[in-house]
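Undergrad: Below are the sequence and a predicted model for it; my questions follow.
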Amino acid sequence: MNSGIKITGLLGEHIEKSISPLIQNFFIDYYGLKYIYIPFQISNTELVDAIKAIRVLKIKGMNITNPFKEKAVSLMDEVDESVIKIGALNTIFNKNDRLFGYNTDWFGFQKPLKDYLDFDFREKKIFVLGAGGAARAIIYALINGGCSEISIFNRSYDHAEKLKKDFINFFPQCQIKILSFQDKYLQEIINSSDLIVNTTPLGSWYHPDINPLPHFIEYPSRAIFYDLIYSPDKTPFLEKAEENGNAFLNGKKMLVYQAAKSFFLWTGIEPDELIIDKILKSI
Ligand code: NAP
């Protein structure tokens, strides 16, 4: 662009309701940058052309969302170590027509736990609901942080098994267990967990009023409950945690911190807590 305005944006299939443009525009306005952030809605067959367009149109940076986070990896010139291990990216940085892929979801997940709840991952036992792309990013964060045991509970056993195989390949020291609905140790493992994370969409606006944990499960008293869903503010999973007196987090802070890290990769500016708080109050 001759005007000197740098283009950034979001590539995804169903992004009508995405709040990433709102968050990125808050950052751009706050720092008075000559950047714009544009949502680009594309269909499943258009990813390769859209990635080519990043180079042709000199787009500076792009966020990638579902269902392209995994497919985009092989289209990059270089990827960060986290992308290799997670198997997915959510941020592209165009440096002199070379595309660099990053994953900032794992950072967005761990930052609020550390900053707001003073949670130290070392030697902790974690229970994860779901085995999709978000679960992979958070399991990377958990292993990196030094947690000692991860238990995965997922609708499709084979998806959880694949995830376990991939991670054991990179992190042979990590203890990963897979649990099913019928597992007789389910309650026992939940009772011994320090952190219980929902990475499924159950309880979100498109699967409302559903708790991903089986109805017979009793909430333990000391665990932290973390739901990656950000709309609604409090899913049934978190409502029950609040009733039980547990500490809990929803996915809003993760959303803002992963966006802040993407913004940093594109601009070199790490958003300060004033703007982070302002955004958290307005979304
Ligand atoms: P994904 O790759 O499609 O994975 C979805 C996971 O949920 C899979 O394990 C899937 O199980 C399970 N699941 C889906 N529908 C289900 C159902 N009806 N019953 C039981 N399990 C079901 O999606 P994702 O990218 O991981 O995203 C998952 C959630 O995390 C979404 O709600 C997304 O908005 C949220 N998220 C939030 C942030 C944030 O910044 N706060 C970032 C990323 C994602 P199967 O293996 O059986 O298919």
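TA: That came through, no problem. Numbers count the residues shown, from 1 in each chain.
Undergrad: what residues does the stretch 1-150 of the chain put near the ligand?
TA: N66, D105, G108, G130, A131, G132, G133, A134, A135 (Cβ under 6 Å from any ligand atom). Where C-beta positions appear, they are placed from N, C-alpha and C, glycine not excepted.
Undergrad: Now do the contacts for the last one.
TA: For A135, the residues meeting the contact criterion (Cβ atoms under 8 Å, 6 or more residues apart in numbering) are V128, I152, N154, L163, T199.
Undergrad: In a markdown table, list those residues along with pLDDT, secondary structure and neighbour count.
TA: Shown next, in a markdown table, are the contacts of A135 (pLDDT from 0 to 100; DSSP: H, G, I helix; E, B strand; the rest coil; neighbours: other Cβ atoms under 10 Å):
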| residue | pLDDT | secondary structure | neighbour count |
| --- | --- | --- | --- |
| V128 | 98 | strand | 27 |
| I152 | 98 | strand | 24 |
| N154 | 97 | coil | 23 |
| L163 | 97 | helix | 23 |
| T199 | 98 | coil | 26 |
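Undergrad: Out of those residues, which is nearest to I176?
TA: I176 lies nearest to I152 out of the contacts of A135, by Cβ to Cβ, at 6.6 Å.
Undergrad: residues in contact with L255?
TA: I19, S20, I23, G108, Y230, I283 are the contacts of L255 under Cβ under 8 Å, 6+ apart.
Undergrad: Just the buried positions in whichever strand or helix holds it, please.
TA: Taking DSSP states H and E as the criterion, L255 maps to helix 252-267. Of the residues in helix 252-267, 252-267 count as buried by neighbour count, 16 or more other Cβ atoms under 10 Å.
Undergrad: just checking, what packs against the one helix or strand D166 maps to?
TA: Element membership for D166 (DSSP H and E) is helix 157-170. Identification of packing neighbours for helix 157-170 by 3 or more Cβ pairs under 8 Å, 6 or more residues apart in numbering; DSSP states H and E yields helix 133-145, strand 149-153, strand 175-179.
Undergrad: what's in contact with it?
TA: The contact list for helix 157-170, computed with Cβ under 8 Å, 6+ apart, reads 85, 87, 131-132, 135-136, 139-140, 143, 152-154, 174, 176, 178, 180.
Undergrad: residue contacts, V73?
TA: V79, V83, G87, A88, L89, G101.
Undergrad: On the pLDDT front, check the residue in the chain that the ligand sits nearest to for me.
TA: Residue nearest to the ligand within the chain (Cβ to the nearest ligand atom): G132, separated by 1.8 Å. Per-residue confidence (pLDDT) for G132: 94.
Undergrad: Show the contacting residues for it.
TA: Contacts of G132 by Cβ under 8 Å, 6+ apart are H159, T199, T200.
Undergrad: Poorly predicted segments of the stretch 51-200 of the chain, please.
TA: Judged against pLDDT under 70, the stretch 51-200 of the chain has no low-scoring part.
Undergrad: Assign a three-state SS to H14, would you?
TA: Using DSSP: H, G, I helix; E, B strand; the rest coil, the structure places H14 in coil.
Undergrad: about what we covered before: please identify which pair of the contacts of A135 lies farthest apart.
TA: The widest separation within the contacts of A135 (Cβ to Cβ) is 10.8 Å, between L163 and T199.
Undergrad: follow-up on the earlier one: name the member of the residues of the stretch 1-150 of the chain next to the ligand with the most neighbours.
TA: D105 (29 neighbours; other Cβ atoms under 10 Å).
Undergrad: returning to that earlier point: buried ones only from the contacts of L255, please, as a PyMOL command.
TA: Remark: buried members of the contacts of L255, expressed as a PyMOL selection using 16+ other Cβ under 10 Å:
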select buried, resi 19+20+23+108+230
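Undergrad: residues touching the residue nearest the centre of the chain, list them.
TA: Note on the chain: the residue nearest the mean C-alpha position is D105, at 3.6 Å, using Cα atoms, centre = their mean. Contacts for D105 were tallied using Cβ under 8 Å, 6+ apart; they are I86, N90, A134, A137, I138, M254, Q258.
Undergrad: Likewise for K278?
TA: By Cβ under 8 Å, 6+ apart, the residues touching K278 are F26, Y30.
Undergrad: Secondary structure and distance to E243 added to the contacts of L255, as JSON lines?
TA: Shown next, in JSON lines, are those (DSSP: H, G, I helix; E, B strand; the rest coil; distance: Cβ to Cβ, whole Å):
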{"residue": "I19", "secondary structure": "coil", "distance to E243": "28"}
{"residue": "S20", "secondary structure": "helix", "distance to E243": "32"}
{"residue": "I23", "secondary structure": "helix", "distance to E243": "30"}
{"residue": "G108", "secondary structure": "helix", "distance to E243": "27"}
{"residue": "Y230", "secondary structure": "coil", "distance to E243": "21"}
{"residue": "I283", "secondary structure": "coil", "distance to E243": "25"}
